[in-house]
Structures are given as structure tokens and as C-alpha cells.
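K.L.:
Quick one, structure for this:
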Amino acid sequence: MATRPNRNRSSAQHIGSILTATLGGIAQFIWLTLVGIVSVFMPVQKKNVKNEIVLVTGAGSGIGAAMAKRFASLGALVVLWDINSETNNRVCEEIKAEGGRAIAFTCDLSNKEEIYQTAARVKRDAGNVTVLINNAGIITGKKIYELSDEMIEKTFSVNTIAHFWTIKAFVPDMISKNHGHIITIASGAGLFGVPGMVDYCSSKFGAIGTHSSLTLELEANGSTGVHTTVVCPFFIDTGMFDGVRSKVPHLLPILKTDYAVDKIMGAYHSNQSMLLMPRILYLFLVMQSIFPVKASIAAARLFGITTVLDGFKGPRETRKKE
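P.N.:
Got it, this is the predicted structure:
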């Protein structure tokens, strides 16, 4: 008879602990949400990047080259990776000509062993990477039934799987020092499907998932000094999406490279976890989560997403070689 009150007391204590934990979690959620909202309107305190070693994949052209030059202009040592040694070395020399510090490595990001071997050379010749920018990407612009198996595998190897190898190569050093930043250049096409880009969209969805899971894993490990940012832009005028046109440029403009780099640097300095460009993509993301699928498809037609690749010519650099 004496055990029943004890059981009741134990149950009450259990319920009380659950209630306390729940209320504490809700309070923390509200507090962090308010802090996030307020931080949007606060001036960003820029980081000192002079002691950072910044590795940029796909640094030989486009947004990769632009980001490398921007970090170098701020005093960072920039490590350039690209499969095209000619353009990569040219960017390296341009950075040095402006007084920056840079070192170039030719690396095929579809080759795991080459990634690991090049990473070892980077550590030997430059030091431990503190900012990793997984930027390299490829696109076919073909419908799924027009794609060869090799094309699909190559897209995923470069756009998604390579992130695993670079993270494994460089992030453990960041964790050991509790200092670093991983920037994933994904795409708005990693949030919304686009006809003619099934392989590309899927690979970018994967890159965003990698970022999201890595962010939580670092937080769970207590690596609070290692930050992550995923960047999801609409099309950027780098030549990779040459021929793409926006049906509603006042709402979905083709982004200028300098504008995109400015926003990415702002996200880096403020440790922003997710950056969507232009801002209307945030609204589209919410709408996609709430509205029925058929309504989302109708919206995609309205904003020209279903025909956005109609004028696509292919990456400009690739066409120059042909």
C-alpha cells in the first residue's frame, strides 16, 4: 500500500520534468527567434579574415573567382581549386597582381582520391583551411530521359558527393580548434524543382540536406565556433546559365555577380545559416510548404519557372572549348 504514493510522486515528478523541459525549449525558441529578427536590422560586425585560409572550389571562373578575389582583397590567404588549370592559374595571378595572397591547385572534384591527395598538399603548402567554400558545380540542362547515366553520376559527384570529401578532409581541423566556416553554394533549384534540371535540382537538394545535417551535427557536438552557411540564389550572370531569361525580372532578376558576392560576404560575416537571393524566394519557400502541389505548379507557370531553360545555351566556358 505504501508504494502507490511513491509511484504517484514519481509520475508527477516525471511529468513536471517534461513540462519544465518543454517550457524551457519554447522559451529558448522564442528568444532565439527574436534575436534572429533583431539581428536582421542590426549592422553587421565584419570578421577579421587576415588570418584565415579560405579554400574555394570552382575558383577558376564565375562566382568562385569573384569570391576568391573578395576574400583575398580582405587579406585572407586564398586556396583556389578548379579542374581547369589555365583559368585557375589566371585567377591566382590576378589576385597576386592586386597584392593578394593565393595558391592554385588543379583538382577534379568528381575524383575522391584526387580530392584527398590535393587536400594533403594544401595542408602541407598552405596550412589548415579555416573557411571552406564548396562552390564548384556543373549543369547539363537536359531532360532526365536525355541524360546518360554518366552525366547524372558526374553531376552528383561534383555538386553533392564532393562536399562529403572536402568536409571530411578539412572540417576535423576546424572542430579541433572550434574555429571555422563552411559555405555551401547551392541554388534556388535546390529548393524548387525546375523542368530540364532534374539532375541539377536533385544534386542541389542533396547539398542543402548535407548543410542542414552538418549544421545540427556541429551544434550537437558543441562546435559552436564552426559556422555554416548555405547559399540558394536564383540564376547568376556568370555564364554558367548562359541564355536563361527571367519572365518576371522585376521579381526574379538574373543576379549580378557583384551583388551575389556582397550578399554572400554579408552572410559570412553575420554567420547567417541560410541565404536566399532574391528575397522573394523566402516567400516562395513558405508558399510551397503550405499550398497544394497543383497550386505550386500553377505559380511556377505564372512566374516562368517551367520555361526558364528554353533559351539555355549551356555554360559559356564549355562552349568556348567546343
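K.L.:
Check whether the spatially most central residue of the chain sits in a helix, strand or coil.
P.N.:
Central residue of the chain (C-alpha atoms, centre = their mean): residue 184, 2.1 Å from the mean position. Here residue 184 is recorded as strand under DSSP: H, G, I helix; E, B strand; the rest coil.
K.L.:
Show the model's pLDDT score for it.
P.N.:
Confidence at residue 184, expressed as pLDDT, is 99.
K.L.:
before we move on, what about residue 59?
P.N.:
For residue 59, the pLDDT comes out at 98.
K.L.:
With residue 95 as the reference, measure out to it.
P.N.:
Counting by C-beta to C-beta, to the nearest Å, the gap between residue 59 and residue 95 amounts to 10 Å. Glycine gets a C-beta too; all of them are placed from N, C-alpha and C.
K.L.:
and for these two, which residues touch both?
P.N.:
Between them, residue 59 and residue 95 share the neighbouring residues 68, 78, with contact defined by C-beta atoms under 8 Å, 6 or more residues apart in numbering.
K.L.:
what about these two, which has more around it?
P.N.:
A side-by-side neighbour count of residue 59 and residue 95, using other C-beta atoms under 10 Å, places residue 59 first with 32 against 23.
K.L.:
Surely that one and residue 80 touch.
P.N.:
Yes - under the criterion of C-beta atoms under 8 Å, residue 59 is in contact with residue 80, at a separation of 3.8 Å.
K.L.:
joint contacts of those two?
P.N.:
With contacts taken as C-beta under 8 Å, 6+ apart, the residues that reach both residue 59 and residue 80 are 68, 88, 91, 104.
K.L.:
residue boundaries of the helices in the stretch 201-322 of the chain?
P.N.:
Chain-ordered helices for the stretch 201-322 of the chain, with DSSP state H, counting those that start in this stretch as the definition, fall at 257-269, 280-290, 293-302, 316-321.
K.L.:
between these, which gets nearest to residue 310?
P.N.:
Nearest of those to residue 310, taken as C-beta to C-beta: helix 293-302 at 12.9 Å.
K.L.:
The closest one vs helix 280-290, what angle?
P.N.:
Using axes from the mean of the first three to the mean of the last three C-alpha atoms, to 10 degrees, the direction of helix 293-302 lies 150 degrees away from that of helix 280-290.
K.L.:
Give me the average confidence score over stretch 205-213.
P.N.:
Per-region confidence: stretch 205-213 scores 98 on mean pLDDT.
K.L.:
Just the CA atoms of that stretch, as CSV, please.
P.N.:
Below are the C-alpha coordinates for stretch 205-213, written out as CSV (Å, rounded to 0.1, in the frame of the first residue of the first chain):
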residue,chain,number,x,y,z
PHE,A,205,18.7,19.4,-52.8
GLY,A,206,21.3,17.0,-51.6
ALA,A,207,23.8,19.8,-51.0
ILE,A,208,21.2,21.6,-48.9
GLY,A,209,20.5,18.5,-46.9
THR,A,210,24.2,18.0,-46.3
HIS,A,211,24.4,21.6,-45.0
SER,A,212,21.4,21.2,-42.8
SER,A,213,22.5,17.9,-41.2
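K.L.:
That's all I had, so thanks and see you.
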